[in-house]
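1. Provide a 3D model corresponding to the input given below.
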Amino acid sequence: MAWRFIDDRALTAPFALALEETALLSVLHSGVPIVRIWEWSEDSVTIGRFQSLSGEVDLIQAQRMGVRTVRRMSGGGAVYHGAGDELCISIIMPSESKRHGCAGVCGHVTKMLCSAGVNAEYLPPTTVLCRNRKVSGSSRWLHSGVSLHHATILYSPDRCAMTSLLKALWGPTDSQVPSVAMDVTGVCEHTDLSFKELVAHACSYLHDSLCAEKSFWSTKELGMAKNLEKEKYSSDAWNTRY
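-> As a prediction, the model looks like this:
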């Protein structure tokens, strides 16, 4: 069965995460796997499904900087996302397999970066390193036999913003599900590829490696995502639940 390849490009944080859930529900009902790629249209922080928002993020600083904070459907730790500084890839499929589990998804990221001239290596279970610094991290969520794996790829990380916003970088936090602090690097520090060229390379790699067919969200799927954006991912009930 052919994969759907969806190129979303620049999205706000609530809508990007609403599309994540929409993709999972779509695969659940259709059985057709989806690989999607996008970037952020605004600076934001996302936290893992079970994390404490106030325990992970300096909310006063986030308000000062105009940085939106949103809770993901997937697990993992708190992540700062800079607009135009990061590429995101999600693989959503009917059942977890060795090829497309955490190791499989990180393997795709590692091979894609290596083919772009970046000396990347996989650090189990969810990290990709370049010269011993984190260049990509991933998280996942499993629901009714469908797995969603989400990976971020840093291009030009804003370390000052990360340090200002993410409490894990200050030292141990009181969060019940604490984030893990790691030194980071960006693709731009290891290759002459522009961000636009990296996106094009990632699209080509995923299209070829998964034999995916270009696809678009249906009217029904977009309607579902817009409703989730408004009712869930933009709501305090979801984002501040812990």
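
2. which ones are touching Glu221?
-> By Cβ atoms under 8 Å, 6 or more residues apart in numbering, the contact list for Glu221 reads Thr22, Ser26. C-beta here means a position set from N, CA and C on the backbone, and glycine is covered the same way.

3. Make sure Ile92 is indeed in a strand.
-> Yes. Assigned with DSSP: H, G, I helix; E, B strand; the rest coil, Ile92 falls within a strand.

4. Might one say that it is in contact with Leu24?
-> Yes. Counting by Cβ atoms under 8 Å, Ile92 does reach Leu24; the two are 5.6 Å apart.

5. which of those two has more neighbours?
-> More crowded of Ile92 and Leu24, by other Cβ atoms under 10 Å: Ile92, with 28 against 23.

6. Okay, and the beta partners of the more buried one?
-> Ile34, Leu148 (DSSP bridges).

7. chain center to the lengthiest helix in the chain: distance?
-> Taking DSSP state H as the criterion, the chain has its longest helix at helix 13-30. Offset of helix 13-30 from its chain centre (Cα atoms, centre = their mean, to the nearest Å): 13 Å.

8. so who does the residue nearest to Ser209 when sequence neighbours are not counted touch?
-> Residue nearest to Ser209 in three dimensions, not counting chain neighbours: His108, with 6.5 Å by Cβ to Cβ, 6 or more residues apart in numbering. Contact partners of His108, counting by Cβ under 8 Å, 6+ apart, are Ile89, Ile91, Tyr205, Leu206, Ser209.
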